[in-house]
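S.K.: Could you work out the structure for the sequence below:
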Amino acid sequence: MSTPFDRDFDHEFVRAAALAADGSAALLEADPSAEFIGPHRALARRVKTLVAAYRSPESALHGSERAVAAALTHLRALRSLQTASGLFAGGDNVQSPPDSAFTVNDVCDAYVLAAGAGPELADVTAALADIAGAATGPLLAGGVHTPNHRWELSAALARLHRSFPDDRLLDRVEEWLAEGVDIDTEGLYSERSAVYASIVTNPSLLLLAEVLGRTDLLDAVERNLATTLDLIRPDGTVETVHSRRQDQRLSFALWPYLPHYRLLAIRTGRGDFARAARLAAVDGIHDPDLLAQTLLTPDLRRALPAPDAEKLPRDRYFPTARLAAHVSATTHTVVYGGSDVPEHGRIRSGLACNPTFLRLFAGTAVLDAVRLSRVFFDLGPFRAADMEQLADNRYRLTQTLTTAYYQPLPKDRRRDDGAYLLVDEGRFSAAMAFPDRPQDEVSHTTRVEVDLRDDGADLRIDISGPRVPWSLELTFRAEGVAAGVVEGAAPIGDGRWCLTTGPMTYRVGDDEIRVEVDVEAGEPLAGPDRGDVLRYDPGQDYTVVGGTDATTGNRVYIGGNGPQTLSVALRTSRPAPAS
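M.R.: Residues are numbered from 1 along each chain as shown. The predicted structure follows:
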């Protein structure tokens, strides 16, 4: 274990981790016994933080009796949430083995820390052992319902075995691992989620690699971290547009990746991982759990290797996720055509549903989302069913929508009682036995060609099929509202503008994104009086229940009636980076 006397001991990092833990632990010193003090996962994490602070010489709570008392109070509350089955109550997942596994992972880590402190924490150690023992049986037999749950549950079983050896636990872990880790050739897990990769899958696989001696699991984490390097955005977040989980509509910070990039940078000497670790900590260390991790994994306390300089320009295409990124000294652009909706025909938790097909960063000027709506049978916005790489940094996104009008049923399919099967025909459901009817199909095709440049992107949009309204929505990050930096477009109210030709500019400080439009074929573009056209339509899957997946921010609309072909030039301008 590294000590403050080791030459490569990173004093600054460990002190920062201790400060973050102390900031959290200080809030826990008051006696909360008179009332319920939080869900089971939060309680276990707080106990772990308190025990780590007690153990760490860098913490203000080192050796503190108040920390011990607070830990015991929280453990009593945690035990009260453990049902007769051994699983924990709370949350929308009833009697959930994987949700309980999150808690047991922290309970087991806290047990290791408490047991290592000796008799001073004997009561804490005993309480943790009691909780872990009650949970062992249901976790050993329990099931899951998402891909990452397998690894979280397996990590809990491995931690239980680490402190309370039982071959049945390892046998169950091997049963889960025999399914194979769900990582693709590009280094993306099947859920393609930054949240679950950083908070669940990577830490779980690292633990399993350590306990089981499985270098293949360590390799999987390294591959995912290497892939994530190309998904780090200039604002210190990780790209999530391609995710199949909740973060596909969120901005997700890089900092949860910090311990993983740091650990593998230290162990492998990778300078690119060291650079990512520094980026993850650029705004300081605020994770109270990090101190416990430095005690449990002493390599984290060592100094980082020298970071590699960022290589610019660079580009990356992920064929499995149908996501491409191009990064230059001034611009970071992402184009995306990997939605699951065209194949599955529905909006669903666990599917990639985000209709954003392009993002562009120019420093503080950010084009957060480019989306395209078509008024075609209320089937929703453009989500590419196919993405083709035409050349370096050139891509074509395509989607064809087809629906039908249905003819009368053939004589041999008719019923005197009129009671036909209730069937989903892809757009809606009705008791009309759709598969038995002749159909008159109507189709609509949208193609978007994207050329990613060092100073922006060129789009060529081709809309074919019947004459229907369409609207291209460009959502700029809302920081520009107060400065009034949308220029060259006509305001149409509620943070929205209409653009017919341009150029228009969106400016934040010295950073700028410029937009120009050229109609190559079709009718003139819609003017600011066409509110019926200049809007985003989420489609009936949302509107039928009064929902939406619309963006917020400064929204600029370009719209008209198809068929239409137009080009849109996006150009960035910002000061040259310091040498």
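
S.K.: what number of residues lie near residue 233?
M.R.: 19 (other Cβ atoms under 10 Å). Glycine gets a C-beta too; all of them are placed from N, C-alpha and C.

S.K.: what sits against residue 430?
M.R.: Applying Cβ atoms under 8 Å, 6 or more residues apart in numbering to residue 430 gives the contacts 422-423.

S.K.: and it, helix, strand or coil?
M.R.: strand (DSSP: H, G, I helix; E, B strand; the rest coil).

S.K.: go on, residue 415?
M.R.: Here residue 415 is coil, with the state taken from three-state DSSP.

S.K.: any idea of the pLDDT on it?
M.R.: The model reports residue 415 with a pLDDT of 95.

S.K.: Against residue 409, how distant is it?
M.R.: Distance of residue 415 to residue 409, given as Cβ to Cβ, to the nearest Å: 9 Å.

S.K.: Show residues contacting stretch 260-275.
M.R.: The contact list for stretch 260-275, computed with Cβ under 8 Å, 6+ apart, reads 198, 202-203, 206, 221-222, 225-226, 229, 276-277, 280, 297, 299-300, 302-310.

S.K.: wait, isn't residue 451 in contact with residue 392?
M.R.: No. Using Cβ atoms under 8 Å as the test, residue 451 is too far from residue 392 to be in contact (9.9 Å).

S.K.: Those two: which has the busier surroundings?
M.R.: Applying other Cβ under 10 Å to residue 451 and residue 392 shows that residue 451 carries more neighbours, namely 19 against 10.

S.K.: Just give the nearest non-adjacent residue to that one, would you?
M.R.: Counting by Cβ to Cβ, 6 or more residues apart in numbering, residue 458 is the residue found nearest to residue 451 once chain neighbours are left out, at 4.2 Å.

S.K.: Look up which helix or strand the one you found falls in, please.
M.R.: strand 456-464 (DSSP states H and E).

S.K.: So in that sheet, which strands flank the helix or strand just after that strand, and in what orientation?
M.R.: As assigned by DSSP H and E, the chain's next helix or strand after strand 456-464 is strand 469-476. In the sheet, strand 469-476 lines up against strand 365-374 (antiparallel), strand 554-561 (antiparallel) (DSSP bridges).

S.K.: and these as JSON lines, adding mean pLDDT, distance to residue 145 and mean neighbour count?
M.R.: What follows is the strands paired with strand 469-476, written out as JSON lines (pLDDT from 0 to 100; distance: least, Cβ to Cβ, whole Å; neighbours: other Cβ atoms under 10 Å):
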{"stretch": "strand 365-374", "mean pLDDT": "96", "distance to residue 145": "30", "mean neighbour count": "24"}
{"stretch": "strand 554-561", "mean pLDDT": "96", "distance to residue 145": "37", "mean neighbour count": "24"}
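
S.K.: I'd like the ones you listed laid out as JSON lines, including distance to residue 498.
M.R.: Below are the strands paired with strand 469-476 laid out as JSON lines (distance: least, Cβ to Cβ, whole Å):
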{"stretch": "strand 365-374", "distance to residue 498": "14"}
{"stretch": "strand 554-561", "distance to residue 498": "6"}
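
S.K.: give me the number of residues near the residue nearest to residue 451?
M.R.: Neighbours of residue 458 (other Cβ under 10 Å): 15.

S.K.: For it, list the residues it contacts.
M.R.: Residue 458 sits in contact with 450-451, 567-570, where contact means Cβ under 8 Å, 6+ apart.

S.K.: try 7 Å this time
M.R.: Going by Cβ atoms under 7 Å, 6 or more residues apart in numbering, residue 458 touches 451, 567, 569.

S.K.: Ok, residue 253 next?
M.R.: By Cβ under 7 Å, 6+ apart, the neighbours of residue 253 are 236-237.

S.K.: Okay, and the beta partners of it?
M.R.: Going by DSSP bridges, residue 253 forms beta bridges with residue 237.

S.K.: what's the pLDDT at it?
M.R.: According to the per-residue confidence, residue 253 scores 95 in pLDDT.

S.K.: go on, residue 437?
M.R.: pLDDT recorded at residue 437 is 95.

S.K.: Pull the contacting residues for it.
M.R.: Residue 437 neighbours (Cβ under 7 Å, 6+ apart): 406-407, 409.

S.K.: Whichever of those end up buried, select them in ChimeraX.
M.R.: Remark: buried members of those, expressed as a ChimeraX selection using 16 or more other Cβ atoms under 10 Å:
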select :406,409
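
S.K.: Report the buried members of the contacts of stretch 260-275.
M.R.: For the contacts of stretch 260-275, a burial check counting by 16+ other Cβ under 10 Å picks out 198, 202-203, 206, 221-222, 225, 229, 276-277, 280, 297, 300, 302-305, 307.
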